[in-house]
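Engineer: structure for this input, please:
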Amino acid sequence: MGNGADFNKNNLDFLRLVFASTVFLFHMHALTNLTAFSAFGEYLSAPFAVRSFFVISGLLIYRSYNRSSSMRSYFEKRVRRIYPAYFAVIVLAAIALCPLSLLHPLQYYGALGFWKYLAANLLFLNFLAPSLPGVFTSNPNPAVNGALWTLKIEVAFYLCVPVIHYLCTRLGTKKTLGTLFFLSCLWKYGFGYLASVESSRSIYSLDSSRSVYEQLQVQFPGQLLYFIAGVLILLYFDNLVGHFRSIGLVTVCLFAIDHWFTKGNLDVLSISGMVFVVGFWRYFGNFSKYGDFSYGVYIVHWPILQILIAFGLATRIAPEMFFLLCVILVVLVAMLLWVLVESRFLASGSHYRQVTAKGPA
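Structural biologist: Here you go, the predicted structure:
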């Protein structure tokens, strides 16, 4: 690659861990609502982190498809990477949270809500059954794992990649990606406008829950533009690597403009620039030599926070001690999830198997 940049020597694993930790800390404030953690809610943005994940996914998943020997190989790699850990978290939560339920174990395991939770969540349809019977009912938010809503969008991206690749081959890359990007923007900003109109009409309403327009705005079609942005970084990587300084400067300017004036509506530009510059300009080293814990941090932090809140630890111990306990538990469980589940199901040619085998560079 030009300008000394090597695609294979990137900082994307580092970025994903940063973004997963951002979501974790943001939710620490959102779920506890403690003043001591208000800075996490004020200065950290879970939506920014999630959208950055989607840009990185577009970059890496489209590359994975191009490098796969067959469509079966591609889907097998995706299932091996995402589903074993996801399955473990869903099933273990359903079983292990029984003692925290207000119901007797026989009532708990026999309840329709228990089986509905398992069925819906194992199919990535978390919104159909976010809670378990009698669990976390005294918590401000009773959802067992509210962070998992993005996984169904990620799976939708995986399913779309072969279609996108086929359309690029038949209709042309620029035409296909440009059209998909435009349609995604139309979905996102269209429902965003409808949400703002409804919000202005219900300004005196006591119901502060998100409207159906706000919910639709953040779903799959509206998030596709971030994935497409990642695909574009991949396809035009050789043309971009000679302009790191310029892209970095433009990214900072776009972030400032979007933060102060457009209020996040143009964040796809600053996020894409940030992912490219931080991801490839300077190589930080073999960050994945001990494993990739970002996915684990992302899918286990919410239920751990909920359990600690259910035991009353958020208010019974000092905020500093609660923070330290949360970090230790999340890191420990994420590491165990990697060692016992994730790493065992990786394909033989996985990037993580290769970097772990090589060890420190």
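
Engineer: what's the next secondary structure element after the host helix or strand of residue 81?
Structural biologist: Per DSSP states H and E: residue 81 is located in helix 71-96. Reading on from helix 71-96 to the C-terminus, the next helix or strand found by DSSP H and E is helix 105-110.

Engineer: OK, contacts around residue 104?
Structural biologist: Residues near residue 104 by Cβ atoms under 8 Å, 6 or more residues apart in numbering: none. The C-beta positions use only the backbone N, C-alpha and C, and glycine is treated the same way.

Engineer: for residue 95, see how far away it is.
Structural biologist: 15 Å (Cβ to Cβ, to the nearest Å).

Engineer: now do residue 121
Structural biologist: 13 Å.

Engineer: ditto for residue 311
Structural biologist: Between residue 311 and residue 95 the distance is 18 Å, computed by Cβ to Cβ.

Engineer: also residue 113?
Structural biologist: Going from residue 113 to residue 95 by Cβ to Cβ gives 15 Å.

Engineer: of these two, which one has the most company?
Structural biologist: For residue 113 versus residue 95, neighbours defined as other Cβ atoms under 10 Å are more numerous around residue 113 (15 against 11).

Engineer: render the CA-only coordinates of the helix or strand containing the more buried one in PDB, please.
Structural biologist: Following DSSP H and E, one finds residue 113 within helix 112-122. Provided in PDB are the C-alpha atoms of helix 112-122 (Å, rounded to 0.1, in the frame of the first residue of the first chain):
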ATOM      1  CA  LEU A 112     -44.200 -18.500  28.600                       C
ATOM      2  CA  GLY A 113     -42.000 -15.400  29.000                       C
ATOM      3  CA  PHE A 114     -39.000 -17.600  29.700                       C
ATOM      4  CA  TRP A 115     -39.300 -19.600  26.500                       C
ATOM      5  CA  LYS A 116     -40.300 -16.500  24.500                       C
ATOM      6  CA  TYR A 117     -37.200 -14.800  25.700                       C
ATOM      7  CA  LEU A 118     -35.000 -17.700  24.600                       C
ATOM      8  CA  ALA A 119     -36.700 -18.100  21.200                       C
ATOM      9  CA  ALA A 120     -36.800 -14.400  20.300                       C
ATOM     10  CA  ASN A 121     -33.300 -13.500  21.500                       C
ATOM     11  CA  LEU A 122     -31.600 -16.600  20.000                       C
END
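
Engineer: which residues touch it?
Structural biologist: If you take Cβ under 8 Å, 6+ apart as the criterion, helix 112-122 is touched by 87, 90-91, 94, 108, 126-129, 131-133, 144-145, 148.

Engineer: from memory residue 157 sits against residue 54, does it?
Structural biologist: Yes: under the criterion of Cβ atoms under 8 Å, residue 157 makes contact with residue 54 at 7.3 Å.

Engineer: what stretches of the stretch 251-361 of the chain score poorly on pLDDT?
Structural biologist: 353-361 (pLDDT under 70).

Engineer: change it to 90
Structural biologist: 259, 262-266, 285-291, 346-361 (pLDDT under 90).

Engineer: which strands or helices does the longest helix along the chain pack on?
Structural biologist: The helix that spans the most residues within the chain, counting by DSSP state H, is helix 173-201. In this structure, helix 173-201 makes packing contacts with helix 149-171, helix 212-217, helix 220-235, judged by 3 or more Cβ pairs under 8 Å, 6 or more residues apart in numbering; DSSP states H and E.

Engineer: got the angle for it vs helix 220-235?
Structural biologist: Interaxial angle, helix 173-201 versus helix 220-235 (axes from the mean of the first three to the mean of the last three Cα atoms, to 10 degrees): 140 degrees.

Engineer: just how off-centre is helix 173-201 within its chain?
Structural biologist: In terms of Cα atoms, centre = their mean, to the nearest Å, the centre of helix 173-201 is set 21 Å apart from its chain centre.

Engineer: list the buried residues in it.
Structural biologist: Neighbour counts over helix 173-201 (16 or more other Cβ atoms under 10 Å) mark 173, 176-177, 180-181, 184-185, 187-188, 191-192, 194-195 as buried.

Engineer: so which residues make contact with stretch 149-166?
Structural biologist: Defining contact as Cβ under 8 Å, 6+ apart, one finds that stretch 149-166 is touched by 50, 53-54, 57-58, 61-62, 65-66, 71, 74-75, 78, 82, 86, 124-127, 176-177, 180, 219-220, 223-224, 227, 231, 299.

Engineer: would you mark the buried spots in that stretch?
Structural biologist: Buried-residue list, stretch 149-166, by 16+ other Cβ under 10 Å: 149-151, 153-158, 160-161, 164-165.

Engineer: nearest the geometric middle of this protein, what residue?
Structural biologist: residue 50 (4.5 Å; Cα atoms, centre = their mean).

Engineer: that residue contacts residue 20, doesn't it?
Structural biologist: No: if you go by Cβ under 8 Å, residue 50 and residue 20 don't touch, sitting 9.9 Å apart.

Engineer: follow-up on the earlier one: between the helices and strands packed on helix 173-201, which one is nearest to residue 336?
Structural biologist: helix 149-171 (19.9 Å; Cβ to Cβ).
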